[in-house]
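> Can you look at this prediction? I've put the sequence above it.
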Amino acid sequence: MIGTYAAAAVPDSAALDVRFVSGESYEVTVRGHTVRVDQPAGSGGADSAPTPVELFVASLATCVAFYAGRYLARHGLSRDDLGVTVDFRMATDRPARVAGVRLSLRVPADLPANRRAGLLAVASHCTVHNSLVTPPEVTIELA
């Protein structure tokens with residue numbers, strides 16, 4: 001079952017570290033991987049990397065793609081041409097936040113009609129989506 005597999009692959013808890021680089025740029029390190037974020041030039045950054053908000057939306061999109069891909073693999077179906085296109089919009093009022101996200105899951109052309117509903121159901125229950133629907137407790141404190 002995809003949910004069981006994905007949940008088993010993720011530790012019960014994890015840690016990552018963020019550090020200032022320069023300008024409006026920061027580096028995130030997790031499990032030995034490094035990802036940089038920055039702001040567009042119009043917001044004072046160098047536009048050298050995606051913004052944190054773009055990575056947030058990308059996290060949702062890649063989670064949906066991962067779950068969809070696992071579903072296809074489990075059923076012996078091709079993942080060729082599998083992808084996700086995302087449009088998102090920011091809220092115009094306070095607090096600053098993402099107000100809406102629309103994901104379009106591109107499926108292989110040879111996906112059988114009888115697998116479409118199952119694929120959508122599985123993709124709609126990825127861990128990141130579940131975390132948005134049932135928000136986690138978030139605490140920010142000074143170290």
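Here it is on my side, so go on. Numbers count the residues shown, from 1 in each chain.
> Could you say which helix or strand holds the residue sitting nearest the centre point of the chain?
For the chain, the residue nearest the mean C-alpha position is residue 59 (1.4 Å; C-alpha atoms, centre = their mean). Secondary structure assignment for residue 59, by DSSP states H and E: helix 52-74.
> for that helix, which positions count as buried?
Buried positions in helix 52-74, judged by neighbour count with 16 or more other C-beta atoms under 10 Å: 55-57, 60-61, 63-72. Heads up, the C-betas are built off the backbone N, CA and C, glycines and all.
> any idea which helix or strand carries the closest residue to the residue nearest to the centre of the chain other than its chain neighbours?
Closest residue to residue 59 apart from its sequence neighbours, by C-beta to C-beta, 6 or more residues apart in numbering: residue 128 at 5.3 Å. Secondary structure from DSSP H and E places residue 128 in helix 127-133.
> what helices or strands is that helix leaning on?
helix 52-74 (3 or more C-beta pairs under 8 Å, 6 or more residues apart in numbering; DSSP states H and E).
> tell me what the helix it packs on is packed against?
Using 3+ C-beta pairs under 8 Å, 6+ apart, helix 52-74 is in contact with helix 2-9, strand 33-37, strand 83-90, strand 98-106, helix 113-123, helix 127-133.
> angle of the shortest one against helix 52-74?
Relative orientation of strand 33-37 versus helix 52-74 (axes from the mean of the first three to the mean of the last three C-alpha atoms, to 10 degrees): 140 degrees.
> How far away from the center of its chain is strand 33-37?
Averaged C-alpha coordinates place strand 33-37 at 15 Å from its chain's average position (C-alpha atoms, centre = their mean, to the nearest Å).
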